[in-house]
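Student: Structure, please.
(chains A and B)
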Amino acid sequence: MNQKLKLIISGSPHLKHNVKTPRIMRDVIIGLLPAIGASIYFFGIWAVILIFNCTITAIVTEKVINKIRRQKNSIGDYSAVVTGILVALILPVSIKWYGATLGTIFAILVGKHLFGGLGSNIFNPALLGRAFLAAAYPKMLTTYTEPGQFDTITQATPLMLQKFSNQTTSLSKLFIGNTSGSLGETSAICLLIGGIYLLLRKSAGWRIPLSLLISLSLASTIGYLINPDLGRPIFHLLAGGLFLGAFFMATDPATTPVTKKGKFIFGATCGILIMIIRYFSNLPEGVMYSILFVNAAVPLINRYTRPKSFGKKEKQ
Amino acid sequence: MLKIAEHKDPQHSFKAEKFLSAEKLYLPLSQHTGKPSKICVEKKQTVRKNQLIAKSDGFISASLHAPVKGEILEIKKHFHPKFGKIKSIILKTELDNNQDNSLNHSFDLEKTAKEDILTAIAEAGVVGMGGAGFPAQVKLNPPKKIDTLIINGCECEPYLASDHRLMVENLEEIFKGIGVISKLVRPKEIIFAVEENKEEAIKKINYFINTKKTNLPKVKLKILKSRYPQGGEKQLIYSLTKRKISGKMLPLDLGCIVDNVATCFAIYEAAYLRQPLTRRIVTFCGDALVKPKNIWLNIGTTLGELIDKKIIEFKEKPKKIIFGGPMTGDTVVNLSTPILKTTSGVLFLEKLPKEEEESACIRCGRCINYCPMDLMPLEYVKMVKNKKYKNLENYQIKDCIECGCCSYICPAQIPVLDYIKLGKEKIK
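Tutor: As a prediction, the model looks like this:
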């Protein structure tokens, strides 16, 4: 044996699948691009500013925390960028710049790192950031502008119109996104395209979005049959932040159950809760609170949906 | 189950060559599950071809034979692909002028008693050649009634092609081996399971079944989708019969026996020819080789000799040498590591998946989705990291078959299986 070989010792397996955390996060960003495009189309330069504000804030906050926690730089996994973009997309475009900045800092600092960082957080960071703003600056978060109007003429969102003045918004408007609402939630078609992209790339599981959409359809159908004034099921599917929530928030791996059964339960519970909030509470929209609420129940869901080991009949 | 890039071309269609003239053979005493064999030769002793050199020691153990005539050079610890260094017999081979032809007569199995066949198989040192190396005679004498005999021709690991070549080139012998097993366990049904990527073998098997040679057993061919780890015993039984063999059960508890095609071949040789198991087909492949090959080798042949004699040639210096398939195989660092009864292939890899540092678990649940034993691999990682070994057993860590799907699929690059093995070690 005249050749010297440098050989590696390692445990099996010696092959690796190509889906990696940064790729999953990158796919989320790509999946959000249609919605970002729509938001820029509808809200113009203000959309660009808001998204920039949140993304840069997210990156800076992450970097600072990396320094403080003496961690490796974790910008490379793109999770901070995703959180930043998501925060921007669920805020009204008219929000004051410092509101958006504060919300993003809260999302990264409290939502993610205080719980232990990526993978250890209990609540969806972006939604937690928004919930913080909703509590701290309620007015900022209920002032919506109609696309194209950049003075601060307040406009009610389709869900507000439905709930408080029993006015229906046309479905085509909801589908395209030409309504008032948070920056990235208005265009159902763009979110759907992004969501399907995520599913096809297997960067998001199908179990949660599917069960969420089905349970919400069922709940809203029942509601509609009882009282047609509550709005048609298809309206509830397209209005508000539902698609954004179903495809981009409820599929966040860290804050959703790990088991197959648990994922169905998570999605279905979210769907029902959204309709309960939309019907019975003083809030017109329930996506944020329902996802956060079920986030809190995830450890419990995981615990009770533990799969039985292959071939085991009885739970031990 | 997983769909993995197969990498089976072109070795899949390369006829098996022969290299049975290695100068030195290194024969470890443990090439099977169970107790190591007991040495029954001495240093400097000359042994005949096929002479017993270490005998089975206990109920679950296997015998070992000299593949060729030679002199026992030494008995000392030597490299083993799995166990580091273990006691081995080192044989210096001699050219055999008067070829031993005593084996060429064939035994009439119709007239042989069941016990005698079992003894013949035990004496030939036949073990399960799919990888686990379970002594064959133990499996073929089940204490319970067997209704389904499954012949495993799945070879679900990427790269490997030795079982495929055997099916293509020695199918009649395999069928005769199946006949022997069927005589011993009397199953109601015999299923021959092959994955769909083995077209050549499937064609051959179909031809054999359809021409209905009278002396061959009645076999049902079942073509399965190519998935990993379908060749695993429990997964294969489930794919074919929907019976679930739990971690603590054996296939025979639910009336099944699974035997690999290479084992069937060895059983044929043992029962019909009284030929002990001393050689096998091994696939040599990987991107570091000039050309992949399937080669009949004597057990105990070292990689070093194959390289020196230019039987296998490097295009590039390999960075990893793996005994077995890429999913469950063991890396070796010493080129004098020998081929064992259970070595179906050796991989020489130059291009490796980029080594990335393990990052935080994002709790995506992919490891759970793909676990063929329905376990929660991510929980084991957490428990082992937090040194909470007590919980491991509550989560059935012992049921893990170590297929490696969890490590393969993990997007955070966590070597999940390494943690599981560590955990298993801790609760031993």
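Student: Check which residues of stretch B:12-26 are buried.
Tutor: B:His12, B:Phe14, B:Ala16, B:Phe19, B:Ala22, B:Lys24, B:Leu25, B:Tyr26 (16 or more other CB atoms under 10 Å in any protein chain shown). Yep, even glycine has a C-beta here, placed from its N, CA and C like the rest.
Student: Name the SS class of A:Thr168, please.
Tutor: coil (DSSP: H, G, I helix; E, B strand; the rest coil).
Student: how many other residues sit next to it?
Tutor: Using other CB atoms under 10 Å in any protein chain shown, the number of residues around A:Thr168 comes to 14.
Student: and the residue of chain A found nearest chain B, how many neighbours?
Tutor: Scanning chain A for proximity to chain B using CB to the nearest CB identifies A:Gly311 as nearest, at 3.0 Å. Residues within reach of A:Gly311, counting by other CB under 10 Å, total 20.
Student: Repeat that for B:Lys382.
Tutor: For B:Lys382, the count of nearby residues is 14 (other CB under 10 Å).
Student: so what's it up against?
Tutor: The neighbourhood of B:Lys382, defined by CB atoms under 8 Å, 6 or more residues apart in numbering or on different chains, consists of B:Cys361, B:Lys388.
Student: Using pLDDT, spot the least trustworthy of the buried residues of stretch B:12-26.
Tutor: Comparing pLDDT over those singles out B:His12 as the least confident position, at 86.
Student: That one falls within a helix, correct?
Tutor: Yes. Using three-state DSSP, the secondary structure at B:His12 is a helix.
Student: returning to what we had before: any chance of CSV for the buried residues of stretch B:12-26, columns distance to chain A and secondary structure?
Tutor: As requested, these are arranged in CSV below (distance: CB to the nearest CB, whole Å; DSSP: H, G, I helix; E, B strand; the rest coil):
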residue, distance to chain A, secondary structure
B:His12, 18, helix
B:Phe14, 22, coil
B:Ala16, 24, coil
B:Phe19, 17, strand
B:Ala22, 15, coil
B:Lys24, 13, strand
B:Leu25, 17, strand
B:Tyr26, 15, strand
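Student: how about the helices in the chain?
Tutor: Picked chain A for this. Counting by DSSP state H, chain A has these helices, from start to end: A:21-43, A:45-68, A:79-89, A:97-106, A:125-136, A:158-165, A:171-176, A:188-200, A:207-226, A:233-238, A:242-244, A:260-280, A:287-304.
Student: that answer is for a different chain, and I need it for chain B
Tutor: In order along the chain, chain B carries the following helices (DSSP H): B:114-123, B:136-139, B:162-169, B:171-185, B:199-211, B:233-241, B:261-273, B:303-308, B:366-370, B:377-385, B:390-394, B:405-409, B:416-426.
Student: if I look at the closest residue to chain A within the stretch 201-350 of chain B, how far off is A:Ile274?
Tutor: For the stretch 201-350 of chain B, the residue positioned closest to chain A under CB to the nearest CB is B:Ser246, at a distance of 3.0 Å. Taken as CB to CB, to the nearest Å, the spacing of B:Ser246 relative to A:Ile274 amounts to 40 Å.
Student: higher neighbour count, those two?
Tutor: A count of neighbours by other CB under 10 Å puts A:Ile274 above the other of B:Ser246 and A:Ile274, at 28 against 18.
Student: hang on, the earlier thing: so who does the residue of chain A closest to chain B touch?
Tutor: With contact taken as CB under 8 Å, 6+ apart, A:Gly311 is in contact with B:Lys234, B:Lys244, B:Ile245, B:Ser246, B:Gly247, B:Met249.
Student: Show me which pair in those residues is furthest apart.
Tutor: The most widely separated members of these are B:Lys244 and B:Gly247, with 10.3 Å between them, by CB to CB.
Student: residues touching the nearest residue to the residue of chain A closest to chain B once chain neighbours are set aside, list them.
Tutor: In this structure, A:Gly311 finds its nearest non-sequential neighbour in B:Ser246, 3.0 Å apart by CB to CB, 6 or more residues apart in numbering or on different chains. Contact analysis of B:Ser246 by CB under 8 Å, 6+ apart lists A:Ser309, A:Phe310, A:Gly311, A:Lys312, B:Asp399.
Student: what does A:Ile49 give?
Tutor: For A:Ile49, the contacting residues are A:Trp97, by CB under 8 Å, 6+ apart.
Student: Run a quick neighbour tally on residue 266.
Tutor: No chain in the question, so chain A it is. Other residues lying near A:Phe266 total 28 when counted by other CB under 10 Å.
Student: my bad, the chain I had in mind was chain B
Tutor: Burial of B:Ala266, expressed as a neighbour count using other CB under 10 Å, amounts to 29.
Student: Then the one 3 residues further on?
Tutor: A count of nearby residues for B:Glu269, using other CB under 10 Å, gives 23.
Student: ok, now B:Asp259?
Tutor: For B:Asp259, the count of nearby residues is 25 (other CB under 10 Å).
Student: Point out where the chain drops to low pLDDT.
Tutor: Because you didn't say which chain, this covers chain A. Per-residue confidence for chain A (pLDDT under 70) gives these ranges: A:1-3, A:147-154, A:313-316.
Student: if you could check chain B rather than the one you did, that'd help
Tutor: B:97-106, B:212-215.
Student: All the strands of the stretch 251-400 of chain B, residue numbers only.
Tutor: B:256-260, B:279-285, B:293-298, B:320-323, B:330-332, B:345-349 (DSSP state E, counting those that start in this stretch).
Student: for chain B, what are the nearby residues on the stretch 1-150 of chain A?
Tutor: Selection of the stretch 1-150 of chain A residues close to chain B by CB under 8 Å from any CB of the partner chain yields A:1, A:3, A:5-17, A:19-21, A:23-24, A:77, A:117-120.
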